[in-house]
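Undergrad: I need the structure of the sequence given here:
(chains A and B)
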Amino acid sequence: DVKVTQSSRYLVKRTGEKVFLECVQDMDHENMFWYRQDPGLGLRLIYFSYDVKMKEKGDIPEGYSVSREKKERFSLILESASTNQTSMYLCASSQPGLGELFFGEGSRLTVL
Amino acid sequence: GQQVMQIPQYQHVQEGEDFTTYCNSSTTLSNIQWYKQRPGGHPVFLIQLVKSGEVKKQKRLTFQFGEAKKNSSLHITATQTTDVGTYFCAGAALFSGGYNKLIFGAGTRLAVHP
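TA: Numbers count the residues shown, from 1 in each chain, chains lettered A, B, ... in the order given. Next up is the predicted model:
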C-alpha cells in the first residue's frame, strides 16, 4: 500500500524556534509538495520539488525553506516560527506529470 | 489572490437531496482533479479530468470539465451521510513561476442531515 509519512501529527512550538517537518514517501515518486491548510483558504502551495536537489517556491513561500537531499524525503523548515504559521501542514507526492497526489496524514503545528 | 475559485464554501443538505460544487480558473488548465477530505482526515484523490468537455461518473458522483478547460463541477445525486466532508478541486497549469503547478480551490464543505 502506498504511503506518505509525516514525522509528527501534532507539534507545539514557541515563537522564534526553528521547526523541522519531515515527510517520507515509499512510492519512488519524483514530485513532492508541501501545502498548508487553513479554514476557508483551502490548501495553499508552499514549496514543491520535481527532482532530488530541486526546489521551487509555491504561492506562499515566505518564512519557509525546504530540503530534498534524497528522492524519498522532503523537509519543510521554519527558520523562526511565528504565530501566523500555526496551521495544518500537508505533504504530498506524485509521479511526473502532475497526476494524482498522495497525501500524508498532516502535521498540526501550533506556535505560541 | 486565489487562482482557482471554488463555490459554495459550505452546503447543508437533507439526505437524498442533490449537491453541486463549482470550480473556476482564470487560466486554462491542463487537467483538473477532485479530492475528498473527511473530517479529521487528509485529502483523498477522487478523479482526474483531462479532455475539454469531459464527463466522468463514479456511482452517484458526476464530474465535468468545461469546454474551455477553465471550469469544472462535481455533482452528487441523492446524497448520503457518507458523503459528508470537504470537496476540493485542484487545477494543474503553468501558473506564474515557470513550472506546472497544482493549485487547489478553497473547498466546499458538505453537511448531510439524515
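Undergrad: can you tell me what sits against the helix or strand containing A:V24?
TA: Using DSSP states H and E, A:V24 maps to strand A:23-25. Contacts to strand A:23-25, defined as C-beta atoms under 8 Å, 6 or more residues apart in numbering or on different chains, come from residues A:2-7, A:32, A:34, A:72-76, A:91, A:93, A:102, A:104. All C-beta atoms are positioned from the backbone trio N, CA, C, and that covers glycine.
Undergrad: within reach of chain B, which of those residues are there?
TA: By C-beta under 8 Å from any C-beta of the partner chain, the members of the contacts of strand A:23-25 lying near chain B are A:102, A:104.
Undergrad: now restrict the contacts of strand A:23-25 to buried residues only.
TA: By neighbour count, with 16 or more other C-beta atoms under 10 Å in any protein chain shown, the contacts of strand A:23-25 hold A:4, A:6, A:32, A:34, A:72, A:74-76, A:91, A:93, A:102, A:104 as buried.
Undergrad: show the backbone phi and psi for the closest residue to B:T77 other than its chain neighbours.
TA: The shortest distance from B:T77 to any non-neighbouring residue, by C-beta to C-beta, 6 or more residues apart in numbering or on different chains, is to B:R60 (4.6 Å). The phi/psi pair for B:R60 (degrees, to the nearest 10) reads phi -90, psi 0.
Undergrad: pretty sure B:R60 contacts B:I76?
TA: Yes: between B:R60 and B:I76 there is a contact under C-beta atoms under 8 Å: 5.7 Å.
Undergrad: and the two? Which one has more around it.
TA: B:I76 (21 against 14; other C-beta atoms under 10 Å in any protein chain shown).
Undergrad: quick one: the more buried one from B:P8, how far?
TA: To B:P8, B:I76 is 14 Å away according to C-beta to C-beta, to the nearest Å.
Undergrad: all strands for chain A, in order.
TA: A:4-6, A:10-13, A:19-21, A:23-25, A:31-38, A:42-49, A:56-57, A:65-70, A:73-78, A:87-94, A:102-103, A:107-111 (DSSP state E).
Undergrad: dump those strands to JSON lines, plus mean pLDDT.
TA: Shown next, in JSON lines, are the strands of chain A (pLDDT from 0 to 100):
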{"stretch": "strand A:4-6", "mean pLDDT": "96"}
{"stretch": "strand A:10-13", "mean pLDDT": "96"}
{"stretch": "strand A:19-21", "mean pLDDT": "97"}
{"stretch": "strand A:23-25", "mean pLDDT": "97"}
{"stretch": "strand A:31-38", "mean pLDDT": "95"}
{"stretch": "strand A:42-49", "mean pLDDT": "94"}
{"stretch": "strand A:56-57", "mean pLDDT": "91"}
{"stretch": "strand A:65-70", "mean pLDDT": "96"}
{"stretch": "strand A:73-78", "mean pLDDT": "97"}
{"stretch": "strand A:87-94", "mean pLDDT": "96"}
{"stretch": "strand A:102-103", "mean pLDDT": "96"}
{"stretch": "strand A:107-111", "mean pLDDT": "97"}
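Undergrad: that's all I had, so thanks and see you.
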